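**Q** Got a predicted structure plus its sequence, pasted below:
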Amino acid sequence: MSAAATTVPGGPVAEHERGLDLFGSRVRICTGVVRGLSPAPELAAYDAERRLRAIHDALSRFRPASELSALNARRDATVRISTLMAQFLEAARAAHRLSGGLVDATVIDAVEAAGYRESRVGVEPAALREALAAAPPRRPALPATAPVWEELVLDAEAGTLSCDPQVRFDSGGIAKGLAADLCATRLGGLSSFAVDCGGDLRVGGADALERRVEITDPFSGSVVANFGLARGAVATSGLRRRVWATDGGFAHHLIDPGRGVSAWTGLVQATAVAPTAVEAEALAKAALLSGPDGAGERLARWGGVVFADDGDWLAYGPLAAQLRAEAR
């Protein structure tokens, strides 16, 4: 279950809904009634599903036939890439810059070294409290020092990528955020829409339908807060679903780029609000990797919620004010 879910208050709404499993998560597509030249809700949802499947198939590192796997196996410094791959790399570079280097799609070697070489879909995660009890002393993550993104040359018009062949990429949460955003560009003419890619959520539509976004506790799974959102994005990054035991203790998929190991920062989950899902994904992950002392700065502009190791949670930015106002 994702850490952020959306519902529409006030009874039934004329929306078509589709659900499917992609990106190692549950995906949900909701499409409202027609506006202008937009397709019917059922056709719009079907088109979005086809688009999401194509993105998943191209950007999954767990599919040997994916374009990402082929890119990571390249031998040449300059290779041809698709428009989608160029969009992903641009999104990954933007996330790297926005996070000050904490969100780095090139840490795949460290991800695999931590034990995440194969898909963990259907694999029961380790107990979060047990993993936290055995974890090393908490410390904020450090950005990577290698200038990979500064040296990478991406020519989207020509469809080429030039960089060191030893650099590999992990699509991770950036692909989920990008998928939600790309679908949003095709659904914006509908009265309403929501695309939830396993916690990377993008909502909008001509009628500005307000949805309730629920934040769940990473330990109990219970809803601890909810807020209204008519347009924009929400993303959640956390340890709950991808933490596992190793010979040396426990590990998870959120890597400290500067140290090349799983990051134990004192936070176990972060949710961020932003205009786009890619930006929300980058801010959520950067907040978690920054730890309790740095998360607030990451979430100050658009708002967000973080959960500490002890289960306490704290809201920041405009979202904190919204939650306080709605609690009155």
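**A** Looks like it arrived, so ask away. Numbering: from 1, shown residues only.
**Q** What distance do you get for residue 117 to residue 304?
**A** Applying CB to CB, to the nearest Å, the value for residue 117 to residue 304 is 31 Å. Bear in mind the C-beta positions are built from the backbone N, C-alpha and C, glycine included.
**Q** neighbour-wise, which of the two wins?
**A** Counted by other CB atoms under 10 Å, residue 117 and residue 304 do not tie: residue 304 has more neighbours, with 30 against 12.
**Q** Identify the residues contacting the nearest residue to residue 67 once chain neighbours are set aside.
**A** Counting by CB to CB, 6 or more residues apart in numbering, residue 58 is the residue found nearest to residue 67 once chain neighbours are left out, at 4.5 Å. The contact partners of residue 58, taken as CB atoms under 8 Å, 6 or more residues apart in numbering, are 66, 67, 68, 82, 84, 85.
**Q** and what of residue 52?
**A** Residue 52 neighbours (CB under 8 Å, 6+ apart): 20, 22, 27, 29, 179, 183, 195, 197.
**Q** Could I get the contacting residues of the residue nearest to residue 254 when sequence neighbours are not counted?
**A** Nearest residue to residue 254, sequence neighbours excluded (CB to CB, 6+ apart): residue 263, at 5.3 Å. Contact partners of residue 263, counting by CB under 8 Å, 6+ apart, are 141, 254, 255, 256, 288, 289.
**Q** The fourth one touches residue 143, doesn't it?
**A** So the one you mean is residue 256. No: counting by CB atoms under 8 Å, residue 256 does not reach residue 143; the two are 9.4 Å apart.
**Q** For this structure, give me the ranges with low pLDDT.
**A** The chain contains residues with pLDDT under 70 at 1-13, 34-39, 328.
**Q** quick one, longest helix in it?
**A** helix 41-59 (DSSP state H).
**Q** The closest residue to residue 260 other than its chain neighbours sits in which helix or strand?
**A** Using CB to CB, 6+ apart and skipping the chain neighbours, the partner closest in space to residue 260 is residue 110 (4.2 Å). Following DSSP states H and E, one finds residue 110 within helix 108-113.
**Q** what's the answer for residue 27, then?
**A** Per DSSP H and E, residue 27 falls inside strand 25-31.
**Q** I'd like to check the angle between that strand and helix 41-59, please.
**A** Using axes from the mean of the first three to the mean of the last three CA atoms, to 10 degrees, the inter-axis angle of strand 25-31 relative to helix 41-59 is 150 degrees.
**Q** What helices and strands are in contact with strand 25-31?
**A** Other elements packing on strand 25-31 under the criterion 3 or more CB pairs under 8 Å, 6 or more residues apart in numbering; DSSP states H and E are strand 16-22, helix 41-59, helix 172-187, strand 193-197.
**Q** mind putting these in a markdown table, distance to residue 226 included?
**A** Shown next, in a markdown table, are the helices and strands packed on strand 25-31 (distance: least, CB to CB, whole Å):
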| stretch | distance to residue 226 |
| --- | --- |
| strand 16-22 | 19 |
| helix 41-59 | 24 |
| helix 172-187 | 20 |
| strand 193-197 | 15 |
